[in-house]
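> A predicted structure for the sequence below; I have some questions about it.
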Amino acid sequence: MSLPRQLRDESDFDQLPNDVAVSACIADVEEKKGFIDYYMFVMEVKTKGASKYLIYRRYRQFFNLHKELQDKYSPEDPEKPGPNTCILPTLPGKIFIGNKQEIAESRIPELNTYIKRLLSLPTWLLLDHTLRIFFYQTEQDSQHLPRALRRLRPPTRKVKTKVTKPKLDLFSSPRAEAMFDFRSSSKLELSLKAGEVIFLLRKVNADWLEGMVNNQTGIFPESFVKIIKPLPDSDTESEGATASAGTYSCLRCYLLTPSGVDTRDVCVEEDISTQPSYSDLMARMRHVFKVGGVALNYRDREGDLIRILDDEDVRLMISEGRRHAVKRPVNQFPWELNVTMESDLSVYGTET
């Protein structure tokens with residue numbers, strides 16, 4: 001069945017406000033690295049008033065929009081649409097298995113067709129509040145820095161890009177680069193290899209620093225390193241650095257097994273104040289440690305493990321972490337995760 005009359009009657013079109021979206025296309029997909037990794041579609045939107053801007057939407061936002069429009073406007077009998085009903089275009093269905101990036105890329109042509117047909121519907125539907133909010137540029141959209149936007153490039157122009165990422169430059173924490181090898185002479189000292197990036201924890205005295213590299217913490221002579229980003233001089237500067245730091249933060253987590261402890265520093269594209277859900281943390285830890293059947297825990301002030309079972313426990317862990325925070329790098333979360341096997345109750349000092 002063909003769609004209802006297209007939105008191109010000049011008399012109807014002229015009645016639209018200038019800020020209503022009348023066309024949009026997906027320019028690219030971008031990966032969002034957080035507690036759960038996913039892809040967002042980058043769309044260039046054009047309004048009736050001739051303005052252009054970029055918005056960033058997930059597939060599930062398309063899905064929620066389509067469902068709400070269906071509930072409002074889809075006729076009970078598609079053969080007999082009423083005056084306040086409309087036959088909506090078909091949205092590409094959900095895909096549960098496969099590479100996330102490949103799935104996102106494959107959806108672009110179908111979503112572009114969906115968007116084009118959606119914005120060609122009668123003018124009264126374009127004035128729907130839900131539809132207008134979907135295509136508005138939010139404050140978060142406006143602050144997002146666009147990347148390649150491959151589908152907006154002129155087709156005759158060949159663009160070659162070379163992206164070089166420093167090995168550990170994802171963090172905005174104080175850090176330094178080792179200029180020379182340094183061999184520790186005691187358990188308190190940190191061995192360094194030339195070229196390694198060290199995350200700085202504190203200044204011990206005029207000549208020595210404390211830092212972390214390869215999950216090892218210790219002190220080392222400042223003369224052996226080149227400072228990339230210095231430690232803050234005061235607590236006030238530290239707070240300012242936290243507020244102005246980049247989008248990446250560091251989460252310290254441990255996998256506790258009978259054979260030992262596996263320590264990881266996980267880089268996530270979340271603000272330091274983010275409060276993740278229990279399900280997101282669980283999925284992230286399974287991905288990081290490549291193991292199933294695990295339980296999440298945190299340590300209380302006495303050093304005992306407390307198992308996390310739901311979102312309320314996550315809030316308690318974060319609250320306790322902030323209340324009893326220890327000195328950490330600027331972009332490191334004030335709380336830590338301890339991952340154990342779900343069936344291993346011995347870590348709690350009891351088997352009952």
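Structure received. Residues are numbered from 1 along each chain as shown.

> hey, where'd the strands end up in the protein?
Per DSSP state E, the chain has strands spanning 21-32, 38-47, 52-57, 175-178, 197-203, 208-213, 216-221, 225-229, 249-257, 260-268, 294-299, 305-308, 337-341. These are given in chain order.

> export the ones you listed to CSV and append columns for mean neighbour count and mean pLDDT.
From N, CA and C alone the C-beta is placed, and that goes for glycine too. Written out in CSV, the entries for these read as follows (neighbours: other CB atoms under 10 Å; pLDDT from 0 to 100):
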stretch, mean neighbour count, mean pLDDT
strand 21-32, 19, 87
strand 38-47, 20, 90
strand 52-57, 17, 90
strand 175-178, 22, 86
strand 197-203, 19, 86
strand 208-213, 20, 87
strand 216-221, 16, 88
strand 225-229, 16, 86
strand 249-257, 20, 88
strand 260-268, 15, 83
strand 294-299, 20, 94
strand 305-308, 17, 93
strand 337-341, 21, 94
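
> measure the nearest residue to Asn84 once chain neighbours are set aside to Ala176 for me?
On the basis of CB to CB, 6 or more residues apart in numbering, the spatially nearest residue to Asn84 that is not a chain neighbour turns out to be Tyr73, at 7.1 Å. Relative to Ala176, Tyr73 is positioned 60 Å away (criterion: CB to CB, to the nearest Å).

> one step back: so which of the strands of the chain is nearest Met317?
When these are compared for distance to Met317 using CB to CB, the nearest one is strand 294-299, at 4.1 Å.

> so what are the sheet partners of the closest one and their directions?
Looking at strand 294-299 with DSSP bridges, its paired strands and their directions are strand 305-308 (antiparallel), strand 337-341 (antiparallel).

> arrange these in a markdown table, one row each, with distance to Ile36 as further columns.
Below are these laid out as a markdown table (distance: least, CB to CB, whole Å):
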| stretch | distance to Ile36 |
| --- | --- |
| strand 305-308 | 17 |
| strand 337-341 | 15 |
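
> which one of these lies closest to Thr47?
Taking CB to CB, strand 337-341 is the member of those nearest to Thr47, at 44.5 Å.

> tabulate the CA atom coordinates of that closest one in CSV.
As requested, C-alpha coordinates have been extracted for strand 337-341 and formatted as CSV (Å, rounded to 0.1, in the frame of the first residue of the first chain):
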residue,chain,number,x,y,z
LEU,A,337,34.9,-3.3,41.6
ASN,A,338,35.9,-6.7,42.9
VAL,A,339,34.8,-9.6,40.6
THR,A,340,34.4,-13.1,42.0
MET,A,341,32.9,-16.3,40.8
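
> would you map out the domains in the chain?
Following the assignment in automatic domain parsing, the chain carries domains at 10-152, 175-231, 247-348.

> all helices for the protein, in order.
10-13, 59-73, 100-118, 123-126, 129-135, 139-143, 235-244, 278-289, 311-323 (DSSP state H).

> buried residues in the fifth one?
If I follow you right, that is helix 129-135. Buried residues in helix 129-135, counting neighbours by 16 or more other CB atoms under 10 Å, are found at Leu131, Phe134, Phe135.

> show me what the closest residue to Leu111 other than its chain neighbours bridges to in the sheet.
Sequence neighbours aside, Ile26 is the residue nearest to Leu111 in space, at 5.9 Å (criterion: CB to CB, 6+ apart). Beta bridges link Ile26 to Met43 when assigned by DSSP bridges.

> nearest to Ser186 among the buried residues of helix 129-135?
Among these, Phe134 lies closest to Ser186 (CB to CB), at 60.5 Å.

> and the pLDDT for that closest one?
At Phe134 the predicted local confidence, pLDDT, stands at 95.

> that one contacts Leu65, correct?
Yes: contact status for Phe134 versus Leu65: in contact at 5.0 Å, counting by CB atoms under 8 Å.

> give me the neighbour count for Asn214.
Neighbours of Asn214 under the rule other CB atoms under 10 Å: 12.

> contacting residues around the closest residue to it other than its chain neighbours?
With CB to CB, 6+ apart as the measure, Glu196 is the residue that lies nearest to Asn214, at 7.6 Å, once sequence neighbours are left out. For Glu196, the set of contacting residues under the criterion of CB atoms under 8 Å, 6 or more residues apart in numbering consists of Glu177, Ala178, Val213, Asn214.
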